[in-house]
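Novice: This is a predicted model, with the sequence first.
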Amino acid sequence: MALGTDGGDTSDSYSIFEQMRLAAYLSRVIAEDPDNWITAFEALRMGTMNGAQAVPAWRGKIGQIKTGYRADLVLLKPSLRLRPLRDIVHQLVFCEEGQSVDTVFVDGKVVLEGGRLSGVDEETLIRRVEPISKKMHRLYGRIQKKSDRSQRTIHELYKKSFAAKGPAHRFVS
């Protein structure tokens, strides 16, 4: 099982930290037995190494700090969220929300430094994207009005999944 993020225009979050936390919490909703809950380690793996393996073209190129792999790294600065540091994996999944992200390397190049995008004027970017975002939001609204059938299908799938008998299944390796 791999985790990822979707677009902010569709009201989802870009935070992989949030997605890891949700995966761990949601497993508690469907499984009474704590042995069937997704652990912090499993959630972290879903959002990092498993996520890197989800796209076939990236397999063997990202997801590990290893010779021959692209240097995609996130450096966190010390913050109160991670203090006192006791169980880094647990704290990353259940406490971190992304505010501690200081520096990000993609393929060995710094793309975020000091919490700000490198080589991009964020204010200009926001100003240029905002009208596009508003247009997309209007289009999504029109599509949503036409998607009653798909919403009914999703609702039926939810009902079926909650009616299924048996223990919750793990989808992690």
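Specialist: On my side now, so go ahead.
Novice: Next, count neighbours for Leu157.
Specialist: 10 (other Cβ atoms under 10 Å). Where C-beta positions appear, they are placed from N, C-alpha and C, glycine not excepted.
Novice: For it, give its distance to Ala163.
Specialist: 11 Å (Cβ to Cβ, to the nearest Å).
Novice: Show me where this structure has its helices.
Specialist: 16-30, 40-47, 49-53, 88-94, 122-146, 148-163 (DSSP state H).
Novice: Send me the third one as PDB with only the CA atoms.
Specialist: Spelled out, that is helix 49-53. The C-alpha trace of helix 49-53 is given here as PDB (Å, rounded to 0.1, in the frame of the first residue of the first chain):
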ATOM      1  CA  MET A  49       9.500   3.800   0.300                       C
ATOM      2  CA  ASN A  50       6.200   2.300  -0.800                       C
ATOM      3  CA  GLY A  51       5.200   5.500  -2.400                       C
ATOM      4  CA  ALA A  52       8.400   5.500  -4.300                       C
ATOM      5  CA  GLN A  53       7.600   2.000  -5.600                       C
END
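Novice: chain center to it: distance?
Specialist: Chain-centre distance of helix 49-53: 11 Å, with Cα atoms, centre = their mean, to the nearest Å.
Novice: How about the first one?
Specialist: Helix 16-30 has its average C-alpha position 10 Å from the chain's average C-alpha position, going by Cα atoms, centre = their mean.
Novice: and what of the longest one?
Specialist: When C-alpha coordinates are averaged (Cα atoms, centre = their mean), helix 122-146 and its chain have centres 21 Å apart.
Novice: Likewise for stretch 37-47?
Specialist: Distance, centroid of stretch 37-47 to centroid of chain: 12 Å (Cα atoms, centre = their mean).
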